[in-house]
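Chemist: structure here, sequence nowhere to be found:
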């Protein structure tokens, strides 16, 4: 039951859910939730390949760096969101279109 | 037996959480479902013997990122106008039917591409030579400060820059009068 195929299927489902959340939502924080799902899917893939294919620990190192980068990205992104809310009183993604015109 | 039960529970939690994040109409509930999904991913890490990764996932995501997101949701939640600057009605923040249709089409295309890539692995369910799980913390620590020392140091600089950047960006600007 615990096999490489099942882990790849789980992370595939996580990836597709993350893509759909990123596209379907119009709220900036909801888009961040989708980004977290996609990053988790990739980190899960690295750990699964470490366990089932090559038995060294480089995949775990890669997953740790993915988690660190996701934490840094979330901190900066939420800072930008809060600043944007102070300026525009909204976190709708269509309000962040100043560069369009 | 225990490992199989843990795997089933964690995968159900992960998949159900991800699906609920997709279909919840409330942003706060959606963030809490994401927390459940991240707990499930930590359980999946524990199933394949990645003990340090499971602990890191719990500490960083459940303790850090989701709490940060809940704070951001509570700080920015509030009355927002439903009309954009052209006087048209905005798409609601959690999406409507047409955005879900667009998301479905693009997820279909993305899933075709990814399935094409992983089809060989999914078909060949050969007997894999499973090695027994052993503690990884010692080996990971040695690897982080020998082979991957450059990436380790760069990530520390990245975290410092992210902290300073977040503090500077979200700081209220004071206007300088004359």
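Modeler: That came in fine, so what should we check first? Values in this document were obtained by computation on a predicted structure and should not be read as measured data.
Chemist: drop to CA atoms for contacts and neighbour counts, all remaining ones
Modeler: Fine.
Chemist: just give me the longest helix of chain A.
Modeler: Assignment by DSSP state H gives helix A:58-88 as the longest helix of chain A.
Chemist: got a list of what residue 25 touches?
Modeler: Going with chain A. Residue A:25 is in contact with A:31, B:93-95, B:99, counting by CA atoms under 8 Å, 6 or more residues apart in numbering or on different chains.
Chemist: wait, chain B
Modeler: Residue B:25 neighbours (CA under 8 Å, 6+ apart): residue B:94.
Chemist: same question, the one 4 residues further on
Modeler: Residues near residue B:29 by CA under 8 Å, 6+ apart: residue B:21.
Chemist: same check, this time on residue B:121
Modeler: Going by CA under 8 Å, 6+ apart, residue B:121 touches A:4-5.
Chemist: residues near residue A:55, how many?
Modeler: Per other CA atoms under 10 Å in any protein chain shown, the neighbour tally for residue A:55 reads 12.
Chemist: hang on, it in a strand?
Modeler: No. Counting by DSSP: H, G, I helix; E, B strand; the rest coil, residue A:55 is not found in a strand; it is coil.
Chemist: need the phi and psi values for it.
Modeler: Phi and psi for residue A:55, reported as degrees, to the nearest 10, are phi -90, psi 20.
Chemist: now do it against residue B:146, distance only.
Modeler: The spacing between residue A:55 and residue B:146, counted by CA to CA, to the nearest Å, is 18 Å.
Chemist: related to what we said a few turns ago, just the ones in helices from the contacts of residue A:25, please.
Modeler: Judged by DSSP H, the contacts of residue A:25 include A:31, B:99 as members of helices.
Chemist: between the contacts of residue A:25, which sits nearest residue B:168?
Modeler: Nearest to residue B:168 among the contacts of residue A:25, counting by CA to CA, is residue A:31 at 22.8 Å.
Chemist: what's near enough to touch the nearest residue to that closest one once chain neighbours are set aside?
Modeler: Among residues not flanking residue A:31 along the chain, residue A:22 sits closest, at 4.7 Å (CA to CA, 6 or more residues apart in numbering or on different chains). With contact taken as CA under 8 Å, 6+ apart, residue A:22 is in contact with A:30-35.
Chemist: just residue B:60 next, same as before
Modeler: By CA under 8 Å, 6+ apart, the residues touching residue B:60 are A:67, A:71.
Chemist: of the contacts of residue A:22, closest to residue B:155?
Modeler: Using CA to CA, these come closest to residue B:155 at residue A:35, 19.6 Å.
Chemist: from what I can see that closest one touches residue A:18, true?
Modeler: Yes. Assessed by CA atoms under 8 Å, residue A:35 is found in contact with residue A:18 at 6.3 Å.
Chemist: so which residue is dead centre in chain B?
Modeler: Nearest to the mean C-alpha position of chain B, by CA atoms, centre = their mean, lies residue B:38 at 6.8 Å.
Chemist: that one and residue B:59 touch, don't they?
Modeler: No. Look at residue B:38 against residue B:59 with CA under 8 Å: they stay out of range, at 10.7 Å.
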